[in-house]
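**Q** Predicted model follows, preceded by the sequence.
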Amino acid sequence: MKRKARLNFLIDVFLFLIMAAIGGIGLLIKYSLISGKDQWVVYGNNMDLTLWGWDRHQWGSVHFILAIVLLVLLFFHIVFHWKEVKCLFRRLIPNFVLRIILTCLFVVVSLAFLFFGVILPFDAAPQDGGGGHHQNHGLHRAQTIQETTVHLSDKEHSSERRSHMHHHESQSDREETIQINGTMTLKQVGEMYQIHPDSIKHFLQIPVWQSSNEKLGRLRRKYHFHMSDIERYIEAYHQRKK
C-alpha cells in the first residue's frame, strides 16, 4: 500500500511539472519566439529567434511530446484512483442508465477534443503578398525562373549569353557545383552560397515570416517546390553577380 502511495505521489509530481513546462513553452512561443508576422510588427524584419538553438517550431515539437507524456501520466493517475472515481461517480449519478449515457458522451467528447485537429477539414487559401499555396504555384515559379534568366541575358554579350544558357541547361554541371538536399535549412543555403534567405523565399514564393531554420525537406512538402528550383536560382544569382 505504501508503495502504491509513493507511485501516486510521483505521478502527481510529474503531472504538475509537465503541465508547468507545457504552459511555459506556450508562453515562450506566444510572447518570445513570436511568429514571422509578429516579427515584422515588433522588429520591422524577419528574425531568426531561438532559445538554446531551437526555434519556435522545434519548441512546438517539444510542446507536443510533453502533451503526450501528460496524457499517459493522466491515464495512469486515473487507473490508480479508479475505485475512488467509480465511487464518487455513483454518488453523484445514482441512475445507472444515466451514468452509462454520460460515460459514453464523455468518451466521445474527449476523443473529439483529442483528434479534431487531424479529422476536421481545414481551410487553405492564398496569402497576401504572394506567399503560401495556390493553384498556379508551379507556373508562377517557372515564370520567375524564365524572367530571371532573360534579365541576366540582357546584361551580357551574345557569346556569353549562349555560354551561360548552355550551362544553365546542363543538369550535371549544376549538380557538380551546387548541392542542395532536404536536410539543409534556408539559413544554411544562404550562408553557403552568400544569398540572403529572404531572397530565396521570395523566389520560391515562401512567406517571409517562415523560419529560415526550417529544413528544406519540410518546406518542399509544404510549398511544393523542387530542389532543382533552388539550384537554378543560385546559379542565376551568381551569374548576375559576375
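**A** Sure, I can see it.

**Q** Could you tell me how far Leu17 is located from Arg220?
**A** 37 Å (C-beta to C-beta, to the nearest Å). Where you see a C-beta, it was placed from the backbone N, CA and C, and this is true even at glycine.

**Q** For these two, indicate the residue with more neighbours.
**A** Regarding Leu17 and Arg220, a neighbour count based on other C-beta atoms under 10 Å identifies Arg220 as having more, with 16 against 13.

**Q** which residues of the protein score low on pLDDT?
**A** Within the chain, the ranges that satisfy pLDDT under 70 run 1, 124-177, 242.

**Q** Quick one: distance of stretch 196-211 to the chain centre.
**A** Taking C-alpha atoms, centre = their mean, to the nearest Å, the mean C-alpha location of stretch 196-211 is offset from the chain mean by 15 Å.

**Q** List the buried residues for that stretch?
**A** Within stretch 196-211, the residues scored as buried using 16 or more other C-beta atoms under 10 Å are 197-198, 200-211.

**Q** can you name the two of the residues you listed that are farthest apart?
**A** Between any two of the buried residues of stretch 196-211, the greatest separation by C-beta to C-beta is 17.1 Å, found for Phe203 and Ser211.

**Q** From Ile29, how far out is Pro121?
**A** Going from Pro121 to Ile29 by C-beta to C-beta gives 25 Å.

**Q** what does Tyr43 give?
**A** Relative to Ile29, and taking C-beta to C-beta, Tyr43 is found at 16 Å.

**Q** In this model Leu70 seems to touch Met19, though I could be wrong.
**A** Yes: Met19 lies in contact with Leu70 (C-beta atoms under 8 Å); the separation is 6.5 Å.

**Q** What number of residues are in the vicinity of the closest residue to Met47 other than its chain neighbours?
**A** Using C-beta to C-beta, 6 or more residues apart in numbering and skipping residues adjacent in sequence, the residue nearest Met47 is Gln39, 5.0 Å away. By other C-beta under 10 Å, 19 other residues sit near Gln39.
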